[in-house]
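Chemist: everything below, folded, please.
(2 chains)
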Amino acid sequence: MKSNSSSRRGAWGLRRGAWGVGLGALALLLACAANATAQGPDRSKPPVPGAPPDLVLPAVRKHALSNGLPVWIVEHHEVPVARVLLVARAGGDSDPAGRFGVAAMMASMMEEGAGDRDALALADAIDFLGASLTVSSGLDASTVSLGVPVARLAQALPLMADVLLRPAFAPTELERLRQQALTELLQVRDNPSALATRAFARVVFGPRHRYGTVGGTRAVLAGLTVDDLRAAHARIFHPARSLLIVVGDVAADEALRLLEAQFGAWRPPGPAGDLPPVPAAPRTTRREIVIVDKPGAAQSQVRVGTVGVARDTPEYFPITVANTILGGSFTSRLNQNLRETHGYSYGAGSVFDMRRSAGPFFATAGVQTDKTAESVREVFNEFAAMQRPVPSDELARARNYVALGYPSTFETTGDIAGSLASLFVYQLPDDYPSHFVSRMLAVTQPEVEAVAKQYFDASRFVVVVVGDRAAIEAPLKALNLGPVRVMAVDEVMGEAAPK
Amino acid sequence: MAASRVVALLVSVCSCWLAAGSGLSRAQAADPPAAPPPLEMPYTQFTLPNGLHVILHEDHSVPIVSVNVWYHVGSGSEKPGRTGFAHLFEHLMFEGSKHVPEGAFDKWLEAAGASNNGSTDPDRTNYFIDGPRNVLELALFLDSDRMGYLLDTMSPARVDGQRDVVKNERREGVENRPYGIALVTLPELLFPPDHPYHWPTIGYMADLSAASYDDVVEFFRKYYAPNNASLVVAGDIDAAAARALVEKWFGEVKRGEPVPPVAPPAAMLTGVTRKTLTDRVQLPALTLAWITPRQFAPGDAELDVTAQILAGGKNSRLYRRLVYDMQIAQDVSATQQSGALASTFSIDVIVRPQTGMTAAAVVDRVQAIVDEELDRLRAEPPSARELERARNQMEAAFYASLERVGGFGGRANRLNAYYVATGNPDYLNEDLARYRAIGPRDIQAIVSRYLPRDARVELIVEPAGEKERQ
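Modeler: Below is the predicted model:
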């Protein structure tokens, strides 16, 4: 029943809580319930959750292979599966200036033949084991990820080693993927949400900055060579910036022996060059509205914001709580306003995309076309409202929601591997997870107020709207938020500028 | 990692809900791959006097609890002129009940670190609340209150509010989504107008506009009774204590009238229905679809495997030819979408425009290739390796889905789904055994029987927005 089903909340997906803490705030909320019925249980007050379970973090055993490659192993004996993740602390941020998208294509090409297998033989071997083996390159990091029933781990690891260490980068496969990627660029034009993401990045960061280009561009894809891929592979997948993570139904010693056999001899041709984070982008300096025209669109995709913060911001905890209140949960203000109060949208939220450098911060919503200007006005109203003190029950709810949801990032083998990988990529201390909850719960009202003042001041925010220009331009102008201009789809999809 | 926590994990009660040996020692075996060990989801079950069926599943590995409720009603039970209503009603279930003020459902759960959601399909409506184990009683209170007392505070204004939200859900998922119009058109072409699968679950805009407060009252009384629901409580629970809490909160909810089973008219395709739509897209698309055996009926598992052989992975027959070799398609997928009354098997191809060829010509070329491949499967069985590869991929995905206790795809929901479909909540091994029993000739036979060329739907989407490319 995949295609013909509808769920309640597209914007929220799953946020899962794994344990709880004291719920002082809850008591305040409970006073308003109705009277008990004569028979049956007392429903006049909802049950107050009792003592929360303790946070149980997975036990990580840290080792190194003979070549120095660090290995983190977590024995997780729930389901007979194993996850092996090789993570390298470099990605699209190391793309050459003006050639953004090289790392992503390199990662895709690593799946297209390796060792003595061509693309089809490699896929056949992986699929036959019931394994998944994927390579991806984001802005901050690149990964080779293997998931396999544990009984077949020993057979799958040599394939993973081939993909990591001996990718073929065959010219015919590059040609095929190039055509596929160029066609994907055409498909982006159909997708208002994807267009909004690209347009917002381009307006906020500009064509020169790495973060101003999302996904590939036509000229870069057209010009890519096998040599580009090999250079990116050598630059990114270097053992000196890599970590192997194993999570699953394994015995640590046995897993280590298997990894040593496959990865212990990995020796790079040269030293790992320094790959500094991309330079921090300045925040936008003026408010403007940018329309990308989608004639006849039933909804407008709206993004409002500017440059946000880097993952290593010292204000990580208060920013996270403040954003949860603004647009980071179902009961957040943006969602309550645009969805529950006004019914303009199926869901609204806000995001700090925290990267090694400051990524975008934005409010986001798909809103019905004839309420586009009203929705933008409400978004600005909510930014303004965040400048006032947040009621204590709302603050407590947001703190709890984030803190109590944190342990669920350690439920499955994939969750655990991903959480450990982000500790490595962002160089967070070993004891970071064990302090996460207490630090989140310690966030105070003045701290939230301070970050709200600094980051939710909308006087220089950019508004990007992908929608039906004929229907939305005049009402948007009438808001008098700032100058309104139209950005052609070709400009949204346009090339990055060389430095 | 905090060393002090390490011990706690290593010595904590092994959940043992999987009777799985350590797989790694088996890994030394050469080809073929070792068979994965058997699985089980231990449970207890009982039925309350009011008819609510309850299934309890203990798993102490993570201190999480999941409360999962299925109401045995979906969009298939909607009356004419009210399509989309079952799903609109699902939305209203979160808007408060007699002892839960509007908005409190989400606020109380978020404050306790829990999350929740619901979904509707033609056969059923499901709801889950996942959270730390100490949220169990709050979750049971909330779910029982909306089962027993939803109407006490229901109002036309609440219906209006969620009507607008759902209309925007439709705009986002259909009107504003590439190929969205094909999603809602396909069931109309497959099933006759009086069949419960004829209309899309999201509903038609005019029907959403027409839905009224009175409809809500009628629907709730008819379908949202404990005797038409099943409840799974799974995770870090004590079964006896959980049972007591379930009895406490759900015991007083009043039984409703018996709900007669849906009695669908016969649905059979007797010829080819071909339709061409236009959408604001850059690439044409082709869907071929058939009505196939319902979930767990003979043929259902074979068609799952057939979908994998046709379009699962680079070496699958259609991907290999259309996307990899000929490169006249951007992507291809095949799905056996299993339903309680009938299933739909569909092949979807996103077609890549070719220089010098019209969109219609490329679509025809793609369709001819698909038919060649179906003919090949009709003429000769797949190779043993092909079948084994498909089966291994499916089994691995099955395992991965068991890693979570909650959510739409976790164990709690699976227990409920198995119970509803088969009467046996722990149907895991029977389910897997269906796939293991399939031989190459079964695939050949099933393709011949259920995927005929002369009785199917052919749905084409052609680009309307050529100008946008400029």
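Chemist: list the contacts for A:Met106?
Modeler: Each residue near A:Met106 by CB atoms under 8 Å, 6 or more residues apart in numbering or on different chains is listed here: A:Ser137, A:Asp228, A:Leu229, A:Ala232, A:His233, A:Ile236. In short, each C-beta sits where N, CA and C put it, glycine included.
Chemist: now with 10 Å, please.
Modeler: Applying CB atoms under 10 Å, 6 or more residues apart in numbering or on different chains to A:Met106 gives the contacts A:91-92, A:95, A:135, A:137, A:142, A:167, A:169, A:174, A:224, A:228-237.
Chemist: next one: it, what pLDDT does it get?
Modeler: Looking at A:Met106, its pLDDT is 98.
Chemist: now the single nearest residue of the stretch 1-150 of chain B relative to chain A. Nearest residue, chain neighbours left out?
Modeler: Nearest residue of the stretch 1-150 of chain B to chain A: B:Gly113, at 2.2 Å (CB to the nearest CB). Once flanking residues are discounted, B:Gly113 sits nearest to A:Leu404: 2.2 Å by CB to CB, 6 or more residues apart in numbering or on different chains.
Chemist: relative to B:Ser115, how far out is the one you found?
Modeler: For A:Leu404, the distance to B:Ser115 (CB to CB, to the nearest Å) stands at 10 Å.
Chemist: pick out whichever of the two has more residues nearby.
Modeler: Neighbours per residue, other CB atoms under 10 Å in any protein chain shown: of A:Leu404 and B:Ser115, the larger number sits with A:Leu404, 32 against 26.
Chemist: hmm, back to that, give the buried subset of the contacts of A:Met106 as a PyMOL selection command.
Modeler: PyMOL command restricting those to the buried ones, with burial defined by 16 or more other CB atoms under 10 Å in any protein chain shown:
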select buried, chain A and resi 91+92+95+135+137+142+167+169+174+224+228+229+232+233+235+236+237
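Chemist: out of the contacts of A:Met106, list just those in helices.
Modeler: Of these, the ones assigned to helices by DSSP state H are A:Leu174, A:Asp228, A:Leu229, A:Arg230, A:Ala231, A:Ala232, A:His233, A:Ala234, A:Arg235, A:Ile236.
Chemist: so which of these would you say is closest to A:Gln155?
Modeler: Of all these, A:Gln155 sits closest to A:His233, with 24.6 Å by CB to CB.
Chemist: so what's the closest one up against?
Modeler: Residues near A:His233 by CB under 10 Å, 6+ apart: A:Ala103, A:Met106, A:Ala107, A:Met109, A:Met110, A:Ser142, A:Leu164, A:Leu165, A:Pro167, A:Phe169.
Chemist: can you tell me the helix or strand for residue 148?
Modeler: Using chain A. Assessed by DSSP states H and E, A:Val148 sits inside strand A:142-149.
Chemist: meant chain B actually
Modeler: Using DSSP H and E, B:Gly148 falls in helix B:136-149.
Chemist: quick one: name whatever helix or strand follows that helix.
Modeler: Sequence order places helix B:156-170 as the next helix or strand after helix B:136-149, per DSSP H and E.
Chemist: can you show me the CA trace of that following helix as CSV?
Modeler: This file holds the C-alpha atoms of helix B:156-170, laid out as CSV (Å, rounded to 0.1, in the frame of the first residue of the first chain):
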residue,chain,number,x,y,z
PRO,B,156,-17.5,21.6,12.8
ALA,B,157,-14.6,24.1,13.3
ARG,B,158,-12.2,21.2,13.9
VAL,B,159,-13.4,19.5,10.7
ASP,B,160,-12.9,22.7,8.8
GLY,B,161,-9.4,23.1,10.1
GLN,B,162,-8.2,19.7,9.1
ARG,B,163,-10.0,19.9,5.8
ASP,B,164,-7.8,22.8,4.8
VAL,B,165,-4.7,20.9,6.0
VAL,B,166,-5.7,17.8,4.0
LYS,B,167,-6.4,19.8,0.9
ASN,B,168,-2.9,21.2,1.2
GLU,B,169,-1.6,17.6,1.7
ARG,B,170,-3.2,16.8,-1.6
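Chemist: is there proximity between the one helix or strand A:Asn323 maps to and chain B?
Modeler: Here A:Asn323, judged by DSSP H and E, is contained in helix A:316-327. Yes: using CB under 10 Å from any CB of the partner chain, we find that helix A:316-327 touches chain B at A:Thr324.
Chemist: among the contacts of A:His233, give me the pair with the biggest separation.
Modeler: A:Ala103 and A:Leu165 (17.4 Å).
Chemist: the two: who's more crowded?
Modeler: Set side by side, A:Ala103 and A:Leu165 show more neighbours around A:Ala103, with 27 against 20, by other CB under 10 Å.
Chemist: you'd agree the residue nearest to B:Gly113 is in a helix?
Modeler: Yes: A:Leu404 forms part of a helix when assessed by DSSP: H, G, I helix; E, B strand; the rest coil.
Chemist: just the pLDDT for the residue of chain A found nearest chain B.
Modeler: Distances between chain A and chain B by CB to the nearest CB are smallest at A:Leu404, namely 2.2 Å. Listed pLDDT for A:Leu404 reads 90.
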